[in-house]
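> coords please:
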Amino acid sequence: MMGPLEVQKGVNSEEIDDQGFEFDADLYREVSCAAKLREIRLLDSSYSIKVELFDDFDKAIEMRHSFSGSLEECALDKDVGVASGCFTWGAEVKYKRKKSLKLSAKYLVRYSELEGCDENHIFAFFTKVGRFATYPYFRALFSNLTSESGLILPPLPALNERVD
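Residues are numbered from 1 along each chain as shown. Alright, predicted model coming up:
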């Protein structure tokens with residue numbers, strides 16, 4: 001059984017920086033070397049597609065894709081050195097200014113072996129690396145569901161942000 005959790009909701013690196021967090025490369029390196037990815041689990045998903053998308057699918061070039069992702073909450077159990085959090089991803093396809101396809105998914109991520117690491121740097125690590133860890137799962141889910149719907153869409157783009 002896990003001990004008491006300290007939860008930070010809606011954590012992102014910009015908010016950490018705004019709270020007076022000073023990044024230290026050595027402390028971040030300690031976290032990144034110690035952290036062991038324990039699990040990534042799909043907790044929830046929702047997929048919807050409008051029938052009119054099938055009727056006009058030959059005009060796929062006019063469709064606009066977008067996606068977003070965020071860390072909804074992050075918790076640290078200092079006693080056992082486990083950081084847990086949920087990342088929520090969303091994607092949509094717009095055609096003729098209407099949302100014709102929508103997918104949302106929520107993933108649980110856990111890292112362990114973080115005993116003795118700096119808490120702020122754990123949250124910074126979790127925010128950056130957890131995002132990159134969960135995105136391929138979401139990208140695959142998008143490709144799988146659109147394919148099962150009979151749509152031939154390009155895959156969602158790869159994330160290319162720097163992780164510092």
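> At which residues are the helices of this structure located?
Remark: helices of the chain, listed N- to C-terminal, are 13-18, 25-34, 52-55, 119-148; assignment by DSSP state H.
> Quick check: the residue lying farthest from the centre of the chain vs residue 31, distance?
Ranked by distance from the centre of the chain (C-alpha atoms, centre = their mean), the top residue is residue 55, with 32.2 Å. Counting by C-beta to C-beta, to the nearest Å, the gap between residue 55 and residue 31 amounts to 51 Å. Every residue, glycine included, has its C-beta placed from N, CA and C.
> Check residue 37 too.
Distance check for residue 37 against residue 31: by C-beta to C-beta, it reads 13 Å.
> same deal with residue 48?
In this structure, residue 48 lies at 38 Å from residue 31, with C-beta to C-beta as the measure.
> Between these two, which has more neighbouring residues?
For the pair residue 48 and residue 31, the greater number of neighbours falls to residue 31 (23 against 11), based on other C-beta atoms under 10 Å.
> I figured the more buried one was touching residue 121, is that so?
Yes. Taking contact to mean C-beta atoms under 8 Å, the distance of 4.8 Å between residue 31 and residue 121 places them in contact.
> pLDDT of stretch 51-58, averaged?
Averaging pLDDT along stretch 51-58 yields 72.
> List the contacts of residue 64.
Residues touching residue 64, when contacts are defined by C-beta atoms under 8 Å, 6 or more residues apart in numbering, comprise 93-95.
> Of those residues, which is the most crowded?
Ranked by the number of neighbours (other C-beta under 10 Å), the contacts of residue 64 place residue 93 first, at 22 neighbours.
> what's the closest non-adjacent residue to it?
Leaving aside its chain neighbours, residue 93 sits nearest to residue 101 (4.0 Å; criterion: C-beta to C-beta, 6 or more residues apart in numbering).
> Could you measure from that neighbour over to residue 120?
Computed with C-beta to C-beta, the distance linking residue 101 and residue 120 is 39 Å.
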